[in-house]
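A.B. asks: Fold the following for me, if possible:
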Amino acid sequence: MGLGRREFIRLISLAFAGAVIDPLKAVATNDNIYVNKKLGILFHKPEDWGFIAVKDFGKLKSEQKIGTGLDMDIDEVWDELGDPVCVMTKYFEDKPELKGVFSPTITLNITPKSSLEYLGYETFEELVEMSLLATPLILKDFEVVKAYGPCEISNIKFYEFDARYCFEHIEIEEPLPVELKVLKGEHNGCYYDFNFHQSKAWNQTAEKEFAQFIRSVKLL
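C.D. replies: Next up, the predicted model:
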């Protein structure tokens, strides 16, 4: 179970102290703080990073190359994966000097359990394994390099993995080695999937920011 509703509301009040919030809005941000009342999640994005708007995520999808291991076209793959609930990235501004530069990024996907029942798995652990086996069909040279024991976020068990893959983009000539940390959890009838991307090969790392972000996550 996550935090109690009273504690969650208290944290929201502290995070948005002095700010005017529309009580009818499900999603609100205040400087580096993000809260989604409908989904019951609150966290702090890394300092000086930016949120990527949903309308801009379509452009990002069109520019990233993905694998062809699945028996469907690229648009069908993206439809199957679904859009993230939230995307945060270090280089969020559209500047000429940032063209072709890899940006450390955090994404959060939240998927209703009911939408994946057709896969026929019996346990969440089995679904996690299925997900990791399918990822190499989408990301080039994907492999898990380390599996950790389960950790807890707001008293909820999350499975943690370190992986790597080759990032392919229309503005990058050669595939770029990327390190990926994955956190997968099950809560309130949904599956939570945090993904943390960085590239040591391009000296674009954010391990400190990733750790701070994970500590900031609160779930109702």
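
A.B. asks: Check which residues of the top strand by length along the chain are buried.
C.D. replies: Of all the segments of type strand in the chain, defined by DSSP state E, the longest one is strand 156-169. For strand 156-169, the neighbour count (16 or more other CB atoms under 10 Å) marks 156, 158, 159, 160, 161, 163, 164, 165, 167, 168 as buried. No exception for glycine: its C-beta is placed from N, CA and C like everyone else's.

A.B. asks: Quickly run through the sheet partners of it, with directions.
C.D. replies: Looking at strand 156-169 with DSSP bridges, its partner strands are strand 64-65 (antiparallel), strand 140-147 (antiparallel), strand 151-153 (antiparallel), strand 176-187 (antiparallel).

A.B. asks: Now for this structure, the helix or strand with the poorest mean pLDDT.
C.D. replies: Sorted by mean pLDDT, DSSP states H and E, the helices and strands of the chain end with helix 74-81, the least confident at a mean of 48.

A.B. asks: Which SSE is immediately downstream of it?
C.D. replies: strand 86-89 (DSSP states H and E).

A.B. asks: Under the pLDDT cut-off, which ranges of the protein? List them.
C.D. replies: 1-2, 5, 7-28, 53-82, 171-172 (pLDDT under 70).

A.B. asks: And the helices in it, which stretches?
C.D. replies: For the chain, the helices defined by DSSP state H cover 5-15, 54-63, 74-81, 124-134, 207-216.

A.B. asks: can I get the strands paired with strand 156-169 in CSV with mean neighbour count?
C.D. replies: Putting the strands paired with strand 156-169 into CSV (neighbours: other CB atoms under 10 Å) gives the following:
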stretch, mean neighbour count
strand 64-65, 14
strand 140-147, 13
strand 151-153, 14
strand 176-187, 20
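
A.B. asks: mind listing what residue 125 touches?
C.D. replies: Shown in contact with residue 125 (CB atoms under 8 Å, 6 or more residues apart in numbering): residue 159.

A.B. asks: Give me the most central residue, this protein.
C.D. replies: residue 107 (2.2 Å; CA atoms, centre = their mean).

A.B. asks: who's in contact with it?
C.D. replies: Shown in contact with residue 107 (CB under 8 Å, 6+ apart): 84, 86, 87, 88, 194, 195, 197.

A.B. asks: Residue 140 versus the first one, what's the distance?
C.D. replies: Right, residue 84. Between residue 84 and residue 140 the computed distance is 20 Å (CB to CB, to the nearest Å).

A.B. asks: For residue 208, the count of nearby residues, please.
C.D. replies: Per other CB atoms under 10 Å, the neighbour tally for residue 208 reads 9.

A.B. asks: again with residue 37
C.D. replies: Neighbours of residue 37 (other CB under 10 Å): 18.

A.B. asks: How about residue 150?
C.D. replies: 12.

A.B. asks: roughly how far apart are it and residue 178?
C.D. replies: From residue 150 over to residue 178 the distance is 25 Å, taken as CB to CB.

A.B. asks: same deal with residue 202?
C.D. replies: 9 Å.

A.B. asks: returning to what we had before: show me what the residue nearest to the centre of the chain bridges to in the sheet.
C.D. replies: Going by DSSP bridges, residue 107 forms beta bridges with residue 87, residue 195.

A.B. asks: ok, it to residue 115 distance?
C.D. replies: In terms of CB to CB, residue 107 sits 18 Å off from residue 115.

A.B. asks: now do residue 156
C.D. replies: Per CB to CB, residue 156 is found 20 Å from residue 115.

A.B. asks: Which residues are in contact with the residue nearest to residue 50 when sequence neighbours are not counted?
C.D. replies: Using CB to CB, 6 or more residues apart in numbering and skipping residues adjacent in sequence, the residue nearest residue 50 is residue 92, 2.8 Å away. By CB under 8 Å, 6+ apart, the contact set of residue 92 is 49, 50, 51, 52, 103.
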